[in-house]
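Q: predicted model, plus sequence, below.
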Amino acid sequence: MQNLISKEKQDWTRWNLSIPLVLFLLGTTSALYQSFPNLFLSENGLLASAQYIGGIVVLFLLVERVGLNDKKIHFALAILLILAGLMLDMIFI
């Protein structure tokens, strides 16, 4: 029974790029939308929120289409991507 459960040995130092990349994209686009609101269609209101969410969806679908989410990266690089997105969001506010 134990052999059926653990056929592949998990390597915890290798992470999928999907979650760190999504968090990096959220931080980066949030920083851009807050720093340069006049570059986009609407500066405030419901249209601005819809445009922000639509931009995130388009970027995520582009990353999915290219196949970047399936890549495996070292966990230190994943943590660095997450922190970079967070820092960009904090710096540009």
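A: Looks like it came in fine.
Q: list the beta-bridge partners for residue 72.
A: According to DSSP bridges, the partner residues bridging residue 72 are residue 16.
Q: surely it is in contact with residue 14?
A: Yes - using C-beta atoms under 8 Å, residue 72 makes contact with residue 14 at a distance of 4.4 Å. Bear in mind the C-beta positions are built from the backbone N, C-alpha and C, glycine included.
Q: list the buried residues for stretch 13-32?
A: The neighbour-count criterion (16 or more other C-beta atoms under 10 Å) identifies 15, 17-18, 20-32 as the buried residues of stretch 13-32.
Q: cool, stretch 67-74 as well?
A: Along stretch 67-74, the positions that meet the burial threshold by neighbour count (16+ other C-beta under 10 Å) are residue 73.
Q: which parts of this structure are helices?
A: Secondary structure of the chain (DSSP state H): helices located at 2-5, 18-35, 46-66, 75-91.
Q: among those helices, which is the most enclosed?
A: Each of the helices of the chain was given a mean neighbour count from mean count of other C-beta atoms under 10 Å, and the largest, a mean of 18, is that of helix 18-35.
Q: over it, what's the mean pLDDT, rounded is fine.
A: Along helix 18-35, the predicted confidence averages to a pLDDT of 89.
Q: and for stretch 78-87?
A: Regarding stretch 78-87, the rounded mean pLDDT is 94.
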